[in-house]
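1. next comes the sequence, and after it the predicted model I'd like to discuss.
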Amino acid sequence: MRYLALASLLLVAGGLAVAAKYDVEILEAKARRVEEGRLSIDGQVRVTKAIKKLKLTFDFLTSDGVLLSSEQAPVEDDAIARGQESSFHAEAENPPGSVRFKIRAFDGEGRQLRVGNEGPFIID
């Protein structure tokens, strides 16, 4: 019985360690071309710690993974509590040759945060 309790405790601790590997998790991200030279980007994030003024940076890539350009946009909520979700919407220039994008995250102080499920995501 003691071993069963120890094994359960280790499983729970292991699960918490996995969740703590990132500060922001991208739950959903979609980009589509809306007009000549423009993209509309929408999605949902969840944070694992309280973050104020979360900003996302979208890195636009070629099919070979070469970085073409980056655009930054804030999420909808000014402050997000630990475990909460928030939406984002951004309009960006569509660099010629971009077919995918990755997402990076920064807090209001400009510190880069660890991102879970950063992409790459396909541009429709």
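-> Thanks, I have the structure now.

2. looking at the protein, which helix or strand is least sure?
-> Lowest on mean pLDDT, DSSP states H and E among the helices and strands of the chain sits helix 2-19, with a mean of 49.

3. distance of the residue nearest the centre of the chain relative to K53?
-> When C-alpha atoms, centre = their mean is applied to the chain, the residue found nearest the centroid is I26 (3.8 Å). Noted for I26: a distance of 18 Å to K53, by C-beta to C-beta, to the nearest Å. For every residue, glycine as well, the C-beta is placed using N, CA and C.

4. for this structure, give me the ranges with low pLDDT.
-> 1-20 (pLDDT under 70).

5. for it, what's the longest strand?
-> Looking across the chain with DSSP state E, the single longest strand is strand 24-35.

6. what's stretch 93-110 in contact with?
-> With C-beta atoms under 8 Å, 6 or more residues apart in numbering as the test, stretch 93-110 has contacts from 23-24, 26, 29, 31, 33, 37-39, 41, 43, 45, 51-63, 65, 68-69, 71-72, 112-113, 115, 118-123.

7. likewise stretch 34-50?
-> For stretch 34-50, the surrounding residues in contact (C-beta under 8 Å, 6+ apart) are 19-20, 22-33, 54, 56, 58, 73, 75, 79-94, 101, 103, 105, 123.

8. among these, name the buried ones.
-> For the contacts of stretch 34-50, a neighbour count by 16 or more other C-beta atoms under 10 Å gives the buried set as 22-26, 29, 31, 54, 56, 58, 75, 80, 86, 88, 90, 92, 94, 101, 103, 105, 123.
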